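[1] Quick one, what's the 3D model for this:
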Amino acid sequence: MKTPSQLHYGSIYRIDKFSVPDAARQQFLNQLNETKDFLDGQAGCRQNLVLEVQSGSDRFNFVTIVEWDNVEAFQNAKAAMQEERRASGFNPQEFIARLGIEADMANYGPVGTI
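    A predicted model of the protein is given here:
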């Protein structure tokens, strides 16, 4: 884990948490891997992690964390992802609803020095 002095203070962090039913696990991971591969190829992607709960609260059993260089890199990648999904006909909201997945998605930034 990075200490506050190692954080990139201009970075934007997209952190998404998912509660995925066991029956939907493989289908969810297949789609998640496609999304991860796409985002990994976008300019400004510093790191892209897919994590599965190992201990503690299991309300959300998957978490993704993507660090972007800055807001512009994030916005460009978001637009490219939306265009990719439009072209392929993939609807993430429908996918999540159909599989019974609960999602909590938000952008975060470093708090600063403590």
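
[2] shaky segments in the protein?
    Within the chain, the set of residues satisfying pLDDT under 70 comprises 1-9, 112-114.

[3] So the residue most central in space within it: helix, strand or coil?
    Nearest to the mean C-alpha position of the chain, counting by C-alpha atoms, centre = their mean, stands T64 at 4.1 Å. The three-state assignment at T64 reads strand, by DSSP: H, G, I helix; E, B strand; the rest coil.

[4] Could you do the one 3 residues further on as well?
    E67 carries the three-state label strand when classified by three-state DSSP.

[5] Would you check how far apart it and S11 are?
    5 Å (C-beta to C-beta, to the nearest Å). Every residue, glycine included, has its C-beta placed from N, CA and C.

[6] any shared contact partners between those two?
    R46 (C-beta atoms under 8 Å, 6 or more residues apart in numbering).

[7] quick revisit: close enough to count as contact, the residue nearest to the centre of the chain and I15?
    Yes - T64 lies in contact with I15 (C-beta atoms under 8 Å); the separation is 7.2 Å.
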